[in-house]
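1. With the sequence up front, the predicted model follows.
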Amino acid sequence: MEQCFEGIHQHPSWSSCVSGDHEVTDDARQRQRLLEISRSRTEPTGRVERARIILAYLDDPSAYAVARAIGVTQQTVTRCLERAAELG
């Protein structure tokens, strides 16, 4: 299974954004890296989409709202969040 975001590792000072079984952590460096990926024209499309999903979830921790905002299914959002939580 491909890692969602290489170079983004769990750090004890990150605040957590938790909804249901999904925990996605956030700090300034991680958010900046996600922003860079989400705006990239050279990153693979799936990676860009995952970055957009995680950023949207950090702003509004609702898988349903994120799915509507990004234009994907709620299942896609849920799977991405599960992978992000597993990988840290």
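-> Noted; the coordinates are in hand.

2. What number of residues are in the vicinity of Gln75?
-> Per other C-beta atoms under 10 Å, the neighbour tally for Gln75 reads 10. Heads up, the C-betas are built off the backbone N, CA and C, glycines and all.

3. Measure how far the helix or strand that contains it is from the centre of its chain, please.
-> Remark: Gln75 resides in helix 74-87, with elements defined by DSSP states H and E. In terms of C-alpha atoms, centre = their mean, to the nearest Å, the centre of helix 74-87 is set 8 Å apart from its chain centre.

4. Remind me what it packs against, helices and strands.
-> Other helices and strands packing on helix 74-87, by 3 or more C-beta pairs under 8 Å, 6 or more residues apart in numbering; DSSP states H and E, are strand 22-26, helix 45-59, helix 63-70.

5. nearest to Gly88, of these?
-> Nearest of these to Gly88, taken as C-beta to C-beta: strand 22-26 at 7.3 Å.

6. So what's the model's average confidence on the closest one?
-> Confidence over strand 22-26 (mean pLDDT, whole number) is 55.

7. separation between Arg31 and Gln74?
-> Going from Arg31 to Gln74 by C-beta to C-beta, to the nearest Å gives 23 Å.

8. what ranges of this protein fall below the confidence cut-off?
-> Low-confidence segments of the chain (pLDDT under 70): 1-26.

9. Closest to the centroid, which residue in it?
-> Geometric centre of the chain, nearest residue: Ile54, 2.2 Å, by C-alpha atoms, centre = their mean.

10. Need the nearest residue in space to Cys67, chain neighbours excluded.
-> That one is not Cys; residue 67 is Ala. Gln74 (4.4 Å; C-beta to C-beta, 6 or more residues apart in numbering).

11. what residues are up against the closest residue in space to Val66 that isn't next to it in sequence?
-> The shortest distance from Val66 to any residue other than its chain neighbours is 4.4 Å, reached at Ala56 (C-beta to C-beta, 6+ apart). If you count contacts by C-beta atoms under 8 Å, 6 or more residues apart in numbering, Ala56 has them with Ala65, Val66, Ala69, Ile70.

12. Perfect, that will be all.
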